[in-house]
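S.K.: need a structure here:
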Amino acid sequence: MNRTESILADVQSLPDDRRIPLQKVGIKNIRYPITVLDKANGTQQTVASINMYVYLPHQFKGTHMSRFVEILNRYSKQINVRTFAEILAEMKRRLDSREAHLEVDFPYFIEKMAPVTRTPGLMEYGCGLHGTMTERLDMVLVARVPITTLCPCSKEISDYGAHNQRGEVRVRVRFDRFLWLEDVISVVEDASSSKVFSVLKRPDEKYVTEKAYERPMFVEDVVRGVCQRLKELPEVTWFEVEAENFESIHNHSAYAWTRWTRNRGH
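M.R.: Reported below is the predicted structural model:
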């Protein structure tokens, strides 16, 4: 602390007599360039939306918001699964709190080849890491994956054709060993009627249309399929899966959700 800082009032540390603790105080929606781990290329540069919070005891008026940004600046080049615990521990220490929360959400890009012509294109997925540290670390991997589904009922009752739609599967996963984003995304895509691609030529479009027709799925089927596949990943200890189909012939979405916890005793 320099001389100027030493003579300025520290208003945040003043007492508050209302005796109301606050569960989360901090900064929200700060946009920041980060480097994340990439299974194919080692690392990937992206821009994250970051939330940083700590618990505030009832006796303090406020927290020191600038310290959140100072911590972020220090770790900007190395925010990933392997450094989350270190970042949260520093948040607790620097802000003198019993509990810290860090939410990092970012677009993640994977190069996908079109299924027939092998034309390359970049697919964007909404991903994130959310962590809380009290006495121990609790960390959740987040992925939002676009999919295509084709309605089994429509296929069954129609003389020709069937309605399909784009949907989104949102997955939250806890794990006890390192887990690649790509592996979670692959699990979701394999449970759909068809993957979504950024570039499709006519032979590719024919392929994905016919593949979806051969793999009709309700939104319930998608969630159950993702659930089955995630259970097969030994590093996964808990997950939530929700799927939403943006219906093409209805003015509403179809929705399903489930949660699962691994019982290590069996």
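S.K.: number of nearby residues for Gly131?
M.R.: 19 (other C-beta atoms under 10 Å). All C-beta spots, glycine's among them, are computed from the backbone N, C-alpha and C.
S.K.: List the residues that contact the residue nearest to it when sequence neighbours are not counted.
M.R.: The shortest distance from Gly131 to any non-neighbouring residue, by C-beta to C-beta, 6 or more residues apart in numbering, is to Met139 (4.3 Å). Each residue near Met139 by C-beta atoms under 8 Å, 6 or more residues apart in numbering is listed here: Val81, Phe84, Ala85, Leu129, His130, Gly131, Thr132, Arg174, Phe175.
S.K.: In helices only, show me those.
M.R.: Counting by DSSP state H, the contacts of Met139 place Phe84, Ala85 in helices.
S.K.: Return the member of the contacts of Met139 nearest to Leu233.
M.R.: Minimum distance to Leu233 across the contacts of Met139 is 8.1 Å, recorded for Phe175 (C-beta to C-beta).
S.K.: quick one: that closest one and Lys155, what's the gap?
M.R.: With the distance defined as C-beta to C-beta, to the nearest Å, Phe175 ends up 36 Å from Lys155.
S.K.: Pass me the low-pLDDT residue ranges in the stretch 151-266 of the chain, would you?
M.R.: Applying pLDDT under 70 to the stretch 151-266 of the chain flags the ranges 264-266.
S.K.: which stretches of it form helices?
M.R.: Along the stretch 151-266 of the chain, counting by DSSP state H, counting those that start in this stretch, helices occupy 152-157, 181-190, 202-214, 219-231.
S.K.: on that earlier part again, where does the residue nearest to Gly131 sit, in terms of helix or strand?
M.R.: Taking DSSP states H and E as the criterion, the element that holds Met139 is strand 137-150.
S.K.: For that strand, which strands pair with it and how are they oriented?
M.R.: According to DSSP bridges, strand 137-150 forms sheet pairs with strand 120-133 (antiparallel), strand 164-175 (antiparallel), strand 194-195 (antiparallel).
S.K.: Now it: buried residues?
M.R.: Residues of strand 137-150 classed as buried by neighbour count (16 or more other C-beta atoms under 10 Å): Met139, Val140, Leu141, Val142, Ala143, Arg144, Val145, Pro146, Ile147, Thr148, Thr149, Leu150.
S.K.: ok, the last one touching Met217?
M.R.: Yes: the pair Leu150 and Met217 qualifies as a contact (C-beta atoms under 8 Å) at a distance of 6.9 Å.
S.K.: Now do the shared contacts for the two.
M.R.: Common neighbours of Leu150 and Met217 (C-beta under 8 Å, 6+ apart) are Ser193.
S.K.: quick revisit: nearest to Phe106, of the helices of the stretch 151-266 of the chain?
M.R.: So among those, helix 181-190 is nearest, using C-beta to C-beta, at 10.2 Å.
S.K.: most neighbours per residue, which of the helices of the stretch 151-266 of the chain?
M.R.: Sort these by mean neighbour count, taking mean count of other C-beta atoms under 10 Å, and helix 181-190 sits at the top with a mean of 20.
S.K.: Name the residues that touch that one?
M.R.: Residues contacting helix 181-190 (C-beta under 8 Å, 6+ apart): 39-40, 108, 110, 125, 127, 141, 143, 145, 147, 169, 171, 173, 195, 225-226, 229-230, 233.
S.K.: returning to what we had before: max pairwise distance over the buried residues of strand 137-150: which two?
M.R.: Taking C-beta to C-beta, no two of the buried residues of strand 137-150 sit farther apart than Met139 and Leu150, at 35.6 Å.
S.K.: in stretch 174-183, what's buried?
M.R.: Arg174, Phe175, Leu179, Leu181, Glu182, Asp183.
S.K.: What helix or strand is the closest residue to Phe68 other than its chain neighbours located in?
M.R.: In space, and not counting its chain neighbours, Phe68 is closest to Met52: 4.4 Å by C-beta to C-beta, 6+ apart. Using DSSP H and E, Met52 falls within strand 42-56.
S.K.: which strands and helices sit next to that strand?
M.R.: Counting contacts by 3 or more C-beta pairs under 8 Å, 6 or more residues apart in numbering; DSSP states H and E, strand 42-56 packs against strand 22-38, helix 65-75, helix 84-94, strand 100-113.
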